[in-house]
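Enquirer: Next input, structure requested:
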Amino acid sequence: MLFANALPPRVSRVARHQNNGTDEELEKMRSKAEALFTRAGDIKVEVENAELNGCERKREVENWLQKVVNVKAEKQCIEDQVRGGASSSRTVPVAEITKEIDELLQHSLPRELTFSNVPFVTGSLKGHLFEENRKLILSLLDDDDVATIGLHGAGGIGKTTLVTHVQKGLCEKFNNDRCSGNVYFVTVSHGLTVSGLQSKIANQLGLKIEGADVMKAAAMIHHAFMKRKYSVLILDDLWESFRPSDVGLPVGEGGFKLVLTTRNKRVCHEINNEKSWIIEVKCLSDDESWDLFREKLGDSAILSQAGDIAKKVAKKCSGLPLALEHIAISMRAADTVKEWRTVLADMSSMMLDVVEDKVLPLLRYSYDRLRDQQLKDCFLYCSLFPEDHWIYRTELVDIWIREGLLDGIENRERQRDKGFTIFKELINLSLLKAYDNEYRCAKMHDLVREMAVKVGKEKGFLIRAGEKMRDIPGEREWNEDLCKVSLMYNHIESISPDVAPRCPNLSTLLLSCNGSLTSISSLFFLLMDGLCVLDLSRTGIEKLPDSVSNLKNLTALLLRSCYRLNYVPSVSMLGKLREMDITDCWKLKNLPHGMEGLVNLKFLDSFGCPAPVSGILSGLSHLDQAKGLSCRIRNVSEFNEYVMSQCFASLLQYNLTVGPGRPQMQGLLFMRSVEFVECRFEEDSPIVPGNVERLDLVMCSGVEYLVSSASPDSTFIPLQTLGNLVELFLYRLENFKGLVKPGVALPPGSLKRIWIKGCDGIKKLFTSSMVRGNLQNLEYLHISMCRHLEEVIGGSDSDNDDDDGDEYRDDYGGLEKSSVVITSDGRLSIYFPSTAFRLRLGRGLPNFKRVVRGRQNG
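Expert: Below is the predicted model of the structure:
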């Protein structure tokens, strides 16, 4: 039966009431009762179907259906009496029942017959950050100034768990007062369109929008939410941003609140409005990870013996709750210390096996849904670095450029800009973890890296970076399908003739940061005809094998900081070579034969390498203007010749060392810098480029003042050049007296930082006119080991200004107001708050009297 028989209270009164109703009234009651029961049947079916989907009927609907049950019982009593022959003297009030039927038919039930506020079944939240985030979200949902809450974090980190707890908390709140609000939970799949999202939301609302276009559906959804007093919509696992108004979400209107979760921080920002709040869901701490791991592991007596090992296993899960749970459950049967040690030793493969069905699909999904192949390739290259390795942005972007991942962009500067954008995007997608808010470096989450290594293996990557290997992998691991091999950051000592892998498709070989690697057999490269990038930077190699000369497809040869390297074979056959880096190869006295014929060479970096490049500079006119040249030039004469050439004029970037001495470059590197080391300027006066940003003079002679005249032909540095300088480093300059000769007026300049060390000829560093004019942008000044220095700022521009009676006037920007800090090593740091200027006085200043004329220190 549709409704259970029940004896309503009124039936007991039938015998006490007389009703003179006619047969016409009886038929009228029957007709209206049939309409009522049909409507009630439809409503009951709809409610029961909704209840099967986790909803709950509203009290108003429940009461209405119960009244229909009572009316049905009363009508049945009348029908029984009629069949019993009591039609002439009926005792049941037909008119009263008919009136009640009319009232039930006319009663307007709510559009939504059920509540969706059925709380999800949830596990316990782990970690104080999870609980704090839950409380924060619930409190923000009560804040009228917050309309949208965005949660972002890596896959498997617990975002869905967190919002299901939020949903549960809201349901408990709303169900205590069923008219106070509704909460709707929608899981969003990748690639979902606006219309698809509307369909999912409409299904939650009980709206029928089939056949409606996007605009009409948006209007219907908007209207449905606005009719509700208070609504919270949770969109879980959102991949792409959308405009809420396009879907019909009344964000910022009425009592509507939107909560969303995503792996992409960008999505949160793109749906951002003036009432938004963005929360990053972070991994569990080590202690919280261990607590969750123990809970899921259960009671295990072996922990008393293998506790330290188990903690290391838990730490390998990197704070991902999903990984911790599944690894712990898988280890419940491990009841010996040996088993735990085995697990820890083979944690990488175990992680892949145990969480194959749970964690990795989430992470692989993040990779598969990256917007294009370029972003996927850039991501995979991050896995070439060791586990837990901080990857510097500039280093990674240079690899992308070198590998051709940013081809199609006109110059290297713009390629770097694009690379920085991709780097930040990977961080926003939670595939990389940033070191700081400046995005200077990042690292891969351990499990994300495991996923990337697995994907890379499918694509021909062999990644054994940072595994403390002492020997090169055996020939079994070298197959013809390999295209990228990373063996960086190991302890490989040598590569013997026994290893001669046949890898015709290998394009990239990274052996950098194997400090113990001193020799490589010439046979090793013999069967690597397709090799494009060879990186041996920071190895102990002494001689590069002659077989490198035959790598005709090589585009990048990287030997940076190979301090023992003294021989590089001919490069004359490396016609495709675009980049060569021999920075800080201190023992390499000569450049390899054939350099002048490398017509495709775009970047040469030989900074810190004693091998002079002067003889080949004229042949390097094809260097990339944006990347430029970083090298050593033998003497001032050759430097001047190069600076005056058209080749130099086309460069936008250069880092040049001039002279025979070892470079001493300190501080920041700029796009344009020149360092003179052990040069005799009395023999050749340099032509300092007008656009140089950093100038170093180290152990040079023949210069008393940087600017000795307003005439560019009779001064060491023209006024224009000094005006463009940002940093200046002066070290052990014979007979050097000061920056500017007294009496020479200076225009405003850009100089921000100055280091002066071991310049004994200086007595007074600045004159008052310099401080008021050229040095108004100065931020930092370091002075040490200048034995005759007496004061930093003198009172006049006179050469013979020795009168201590000159009073300092307050026209230098407030430099007389300073605070002095004595550091732990006895040095002075003097701060001038009104100018943001800091003066650092080091050791070796025996005659120093004062900072400013007219003020005694101490």
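Enquirer: contacts, neighbours, all on C-alpha from now
Expert: OK.
Enquirer: any idea whether the nearest residue to residue 247 once chain neighbours are set aside is helix, strand or coil?
Expert: Nearest residue to residue 247, sequence neighbours excluded (CA to CA, 6 or more residues apart in numbering): residue 218, at 5.0 Å. Under DSSP: H, G, I helix; E, B strand; the rest coil, the three-state class of residue 218 is helix.
Enquirer: residues near residue 218, how many?
Expert: The tally of other residues near residue 218 (other CA atoms under 10 Å) stands at 24.
Enquirer: Can you show me the helices along the stretch 601-750 of the chain?
Expert: Assigned by DSSP state H, counting those that start in this stretch, the helices in the stretch 601-750 of the chain fall at 636-643, 646-649, 719-724.
Enquirer: if we can go back for a sec, wait, the residue nearest to residue 247 touches residue 199, no?
Expert: No: at 10.2 Å, residue 218 does not count as touching residue 199 under the criterion of CA atoms under 8 Å.
Enquirer: what's the residue nearest to residue 428 when sequence neighbours are not counted in contact with, if anything?
Expert: Distance criterion CA to CA, 6+ apart; nearest residue to residue 428, sequence neighbours excluded, is residue 265 at 4.6 Å. Contacts for residue 265 (CA atoms under 8 Å, 6 or more residues apart in numbering) come out as 152-153, 428-430.
Enquirer: sorry, back to before: out of the helices of the stretch 601-750 of the chain, which comes closest to residue 434?
Expert: Residue 434 lies closest, by CA to CA, to one member of those: helix 719-724, at 33.9 Å.
Enquirer: avg pLDDT for the closest one?
Expert: Across helix 719-724, pLDDT averages out at 73.
Enquirer: Pull the number of nearby residues for residue 498.
Expert: Residue 498, neighbours per other CA under 10 Å, totals 11.
Enquirer: One more: residue 674?
Expert: 22.
Enquirer: List the contacts of it.
Expert: If a contact means CA under 8 Å, 6+ apart, then residue 674 has 654-658, 692, 694-696 as its contacts.
Enquirer: For it, give its distance to residue 696.
Expert: Here the criterion is CA to CA, to the nearest Å. By it, residue 674 lies 6 Å from residue 696.
Enquirer: do residue 473 as well
Expert: Counting by CA to CA - residue 473 and residue 696 are separated by 45 Å.
Enquirer: what about the two, which has more around it?
Expert: Neighbour tally, residue 473 and residue 696, criterion other CA under 10 Å: the higher count belongs to residue 696, 21 against 15.
Enquirer: sorry, back to before: looking at the contacts of residue 674, spot the one nearest residue 681.
Expert: Of all the contacts of residue 674, residue 681 sits closest to residue 658, with 11.7 Å by CA to CA.
Enquirer: hey, what's that closest one bridged with?
Expert: Counting by DSSP bridges, residue 658 forms beta bridges with residue 633, residue 676.
Enquirer: Quick one: residues contacting it.
Expert: So residue 658 contacts 632-636, 639, 674-677, 679 (CA under 8 Å, 6+ apart).
Enquirer: From these, pick the one nearest residue 569.
Expert: Nearest to residue 569 out of these is residue 632 (CA to CA; 20.0 Å).
Enquirer: Spatially nearest residue to that closest one (excluding sequence neighbours)?
Expert: The shortest distance from residue 632 to any non-neighbouring residue, by CA to CA, 6+ apart, is to residue 657 (4.5 Å).
Enquirer: count of residues packed around the residue lying closest to residue 682 once chain neighbours are set aside?
Expert: Closest residue in space to residue 682, ignoring its immediate chain neighbours: residue 702 at 4.5 Å, by CA to CA, 6+ apart. When neighbours are counted by other CA under 10 Å, residue 702 registers 17.
Enquirer: So residue 261 lies in a strand, does it not?
Expert: Yes: counting by three-state DSSP, residue 261 is found in a strand.
Enquirer: Wait, it touches residue 233, no?
Expert: No: taking contacts as CA under 8 Å, residue 261 lies outside contact range of residue 233: 11.5 Å.
Enquirer: out of the two, which sits in the more crowded spot?
Expert: A count of neighbours by other CA under 10 Å puts residue 261 above the other of residue 261 and residue 233, at 29 against 21.
Enquirer: Which helix or strand contains residue 338?
Expert: helix 337-345 (DSSP states H and E).
Enquirer: Average pLDDT for that helix, rounded please.
Expert: Mean predicted confidence for helix 337-345 is 69.
Enquirer: And for stretch 363-374?
Expert: pLDDT averaged over stretch 363-374 gives 81.
Enquirer: buried sites along it?
Expert: Within stretch 363-374, the residues scored as buried using 16 or more other CA atoms under 10 Å are 363-364, 366-367.
Enquirer: Just give me how far stretch 697-715 sits from the chain centre.
Expert: Its chain's C-alpha centre and that of stretch 697-715 lie 47 Å apart, by CA atoms, centre = their mean, to the nearest Å.
Enquirer: likewise stretch 137-149?
Expert: How far stretch 137-149 lies from its chain's middle: 26 Å, per CA atoms, centre = their mean.
Enquirer: and for it, what are the contacting residues?
Expert: By CA under 8 Å, 6+ apart, the residues outside stretch 137-149 that reach it are 166, 169-170, 251-252, 256-260, 272-273, 275-279.
Enquirer: hey, which helix is longest across this protein?
Expert: Counting residues, the longest helix found in the chain (DSSP state H) is helix 23-52.
Enquirer: how distant is that one from the center of its chain?
Expert: Distance of helix 23-52 from its chain centroid, counting by CA atoms, centre = their mean, is 61 Å.
Enquirer: From residue 342, how far out is residue 328?
Expert: As judged by CA to CA, residue 328 and residue 342 stand 15 Å apart.
Enquirer: Who has more neighbours out of those two?
Expert: residue 328 (21 against 12).
Enquirer: which residues touch the more buried one?
Expert: By CA under 8 Å, 6+ apart, the neighbours of residue 328 are 293-294, 296-297, 314.
Enquirer: Recalculate using a threshold of 6 Å.
Expert: Residue 328 is in contact with 293, 296-297, counting by CA atoms under 6 Å, 6 or more residues apart in numbering.
Enquirer: now swap in residue 490 and tell me
Expert: 466, 468-469, 514.
Enquirer: Need the worst-confidence member of the residues you listed.
Expert: Minimum confidence in the contacts of residue 490 sits at residue 468, scoring 86.
Enquirer: Which residue comes closest to it once chain neighbours are left out?
Expert: Counting by CA to CA, 6+ apart, residue 490 is the residue found nearest to residue 468 once chain neighbours are left out, at 4.6 Å.
Enquirer: Am I right that that neighbour sits in a strand?
Expert: No: in this structure, residue 490 is coil, not part of a strand, as judged by three-state DSSP.
Enquirer: what separates it from residue 470, distance-wise?
Expert: The spacing between residue 490 and residue 470, counted by CA to CA, is 7 Å.
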